[in-house]
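In: generate a structure from the sequence data that follows.
(chains A and B)
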Amino acid sequence: MSTQGARHHGSVLRVGLPAVALIVMLGAIFTMQPRATSYFGLTVLLNFTLPAIFAAMAQMAVITVGDIDLGIGPFLSLVNCIAATLLAGHPLLGWLSLAALVGAYALMGALIHVRRLPSIVVTLGASFVWLGLALLVLPNPGGAPPSWLPALLSWKPPLLPLPVLASILLAICGELLLMHTSYGVVLRGIGGNPRAVAHTGWSLLAGRMVLYAVAGACGVVAGLALTGLNTAGDATVGTQYTLVSIAAVIVGGGEFVGGIVTPVGTVIGAWIMLLAGSLLSFLNISTDWQLSVQGGILIIVLGLRALNRWSGA
Amino acid sequence: MKLGKCLFGAVIGAALPLALASAPARAADVSTAKDGIALSNAYAGNTWRQQMLSVWDLASKQAIADGVIAKTKVVNADNSAPQQASQIGDLTLEGWKAIVIDAASPTALNGVIQQACSAHIVVVVFDSLATAPCAYQVVLNYVNWGTSEAEYVAKRLNGKGNVLEVRGVAGTSVDNDIHQGIVETFAKYPGIKLVGSVHGNWTQSIAQKEVAGILPTLPKVDAVVTQGGDGYGTFQAFKLAGRPTPLIIMGNRQDELALWKQLSDAPGGYETFSIGSPPGVSSIAFWVAQQILAGAQVPKIVNVPFVVVTAADLDAWLKVVPSGGVATGVYDQQWTQKLIAANLANTAPPPSPIPTRSP
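Out: Just a heads-up that it's a prediction; the model follows:
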């Protein structure tokens, strides 16, 4: 009983801290730049959270089983290139190749499981495959997505701007599926205690493949969102999302050991990583600091967590 | 509140710059003293970009001191298009009147540029362009670079001789354009023969290695056409192979100009031609943005001339080009007005001024 209580307390802290940090950041941004509070302002400020939250969700699915995905950035580039070429010219072929990419992710999960390969090596290798394919599909930046895609991304739902609405929906869906279904418990168990999961008769292979397929699907959505915002293709456009997605999961309360992730925290983490840049800009601090600040946030979060564990023990 | 209205004015916003461009010639009479012009730069990690940024700094600080504009700001992205797009979004929110952009991708910023245009912000792209139709483009036409150096070589060789071509990074549009200019020009001179071609990647050490590799297979070489950053390495390759120094076109780098000076001072003398793209194009883009804000008639595409260093100006340039840097002017408002007028009238652009101190 008491351990469960402590656990619950821990998970509240896990999401609570980044949530408080996000509220403080938003408060600072709105005070300094009142223009950002309008519907249009929020859209401009948060547009690029759309690809980031889905990329972070893809990363979270992989981190759930204790793996890490170093190829998600180039994967977004590949989806971007397909969306800006095939999807417009040959919709059927375009959708089939996007589906094949999701399948490729599931197979990658199977390969890692069956051959007991380190995911860091497999996904790093895959990142070069994604980049190469992207360059094959679209050697020079250009192309155009089907017209419905930019239209969808500039859709203005009533009350809440699209990035806010999508973030809330994604967080709720993720939370329900991963944290409140019995199969979600199994999936998290594969990362936390695989032996126990195997004992109860669940397939570890199937579980890992499901999570990798989810990662692939989220990556496809992230790539499509990026294409809708950019309105064109570029084979190197996604590179930074590898760092951003990993940082979002960790800042949002996830851990590399597997089994410990939170969908709500991940979405919040993605917002924090992106808003850090805007905050610096509004404070008139040179953008040369931006990467250092993003890395610094990550180190501080991990440091505080280690301190917390140490004092708790 | 204004921004909220802009939301519905996307069409008007896109049409406004077009209307400006097609209106009859107007004087630049609107005051820009309260306006701010921001620079969004994709990448700051090489000497050309560093010079580009310091010229922007010189031009904008002077304009602020003179009361022409109120403020400026420079933001750099780490060669990442989504990051630059976010930054341009931030600049849009901050309410800058004009945003000048050296883009990370020709296409990936188009969405956010359109958004800025819809908020009635003047967008000027230069150097690495973005293709969004609402943005003004400050353009260096690299085909002209190839044409000018090839014409000079053909004239110096009296239309007859063997030419080696040192090219840039394969697959880039700059390399393709310069190459195209060279090939098209030499097609008019049947006596000129391109005897070989290597990729020097705009880097002296690579150019030296590549030229040294191809030299043993070549007959007598009368001239070398280059793309800048490769002239010094080419000279070294000829020297180490014990071959006579041919006519080597230089690319305005400090080491190339110094080499030219050294060769011309030696007995026998040396005469060549040096051409390059000026990092100071940032100051042209700055003044183009200011002129648009001031209500002047500006074409959607402003062509900028390359900097050509001739024997007569060599000493003056050598005094102001920093070590490791490239020859560039710091362009002012008057010069840019002349450039815009020349673009509108389709006449020759004004010559590039030689700065009095090192930018």
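In: setting aside sequence neighbours, what's the nearest residue to the residue of the stretch 251-359 of chain B found nearest chain A?
Out: Proximity of the stretch 251-359 of chain B to chain A (CB to the nearest CB) peaks at B:S282, 16.4 Å away. C-beta coordinates here come from the backbone N, C-alpha and C atoms, glycine included. Counting by CB to CB, 6 or more residues apart in numbering or on different chains, B:W56 is the residue found nearest to B:S282 once chain neighbours are left out, at 4.2 Å.
In: and the one you found, how close does it get to A:P118?
Out: 46 Å (CB to CB, to the nearest Å).
In: the more surrounded of those two?
Out: B:W56 (26 against 11; other CB atoms under 10 Å in any protein chain shown).
In: any idea which element that one lies in?
Out: In this assignment (DSSP states H and E), B:W56 forms part of helix B:47-65.
In: helix or strand next in line after that helix, which one?
Out: Immediately after helix B:47-65, counting by DSSP H and E, sits strand B:71-76.
In: on that earlier part again, can you give me the pLDDT of the residue nearest to B:S282?
Out: According to the per-residue confidence, B:W56 scores 96 in pLDDT.
In: surely it touches B:I284?
Out: No: the pair B:W56 / B:I284 is not scored as a contact, 10.4 Å apart, by CB atoms under 8 Å.
In: any regions of the chain where pLDDT drops low?
Out: Since you didn't name a chain, this refers to chain A. Residue ranges of chain A with pLDDT under 70: A:1-11, A:312-313.
In: my bad, the chain I had in mind was chain B
Out: B:1-28, B:358-359.
In: what does it put close to chain A?
Out: By CB under 8 Å from any CB of the partner chain, the residues of chain B that approach chain A are B:1, B:3-4, B:6-7, B:44, B:73, B:75-78, B:80-83, B:85-87, B:89-95, B:105-112, B:114-115, B:119, B:131, B:171.
In: helices of the stretch 201-313 of chain A, start to end?
Out: Per DSSP state H, counting those that start in this stretch, the stretch 201-313 of chain A carries helices over the ranges A:204-230, A:241-251, A:263-282, A:290-312.
In: off-centre distance for the helix holding B:W56?
Out: 15 Å (CA atoms, centre = their mean, to the nearest Å).
In: for stretch A:59-66, same thing?
Out: On CA atoms, centre = their mean, the centre of stretch A:59-66 falls 10 Å from that of its chain.
In: so what touches it?
Out: A:68-69, A:72, A:119, A:123, A:174, A:178, A:187-188, A:190-191, A:207-208, A:211-212, A:214-215, A:218, A:245-246, A:248-249, A:254-259, A:261, A:263, A:266 (CB atoms under 8 Å, 6 or more residues apart in numbering or on different chains).
In: hey, C-alpha coordinates of that stretch in PDB?
Out: The C-alpha trace of stretch A:59-66 is given here as PDB (Å, rounded to 0.1, in the frame of the first residue of the first chain):
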ATOM      1  CA  GLN A  59      10.700   8.500 -29.400                       C
ATOM      2  CA  MET A  60       8.700   7.800 -26.200                       C
ATOM      3  CA  ALA A  61       7.300   4.600 -27.700                       C
ATOM      4  CA  VAL A  62      10.900   3.400 -28.300                       C
ATOM      5  CA  ILE A  63      12.200   4.500 -24.900                       C
ATOM      6  CA  THR A  64       9.300   2.600 -23.300                       C
ATOM      7  CA  VAL A  65      11.000  -0.700 -24.100                       C
ATOM      8  CA  GLY A  66      14.400   0.800 -22.900                       C
END
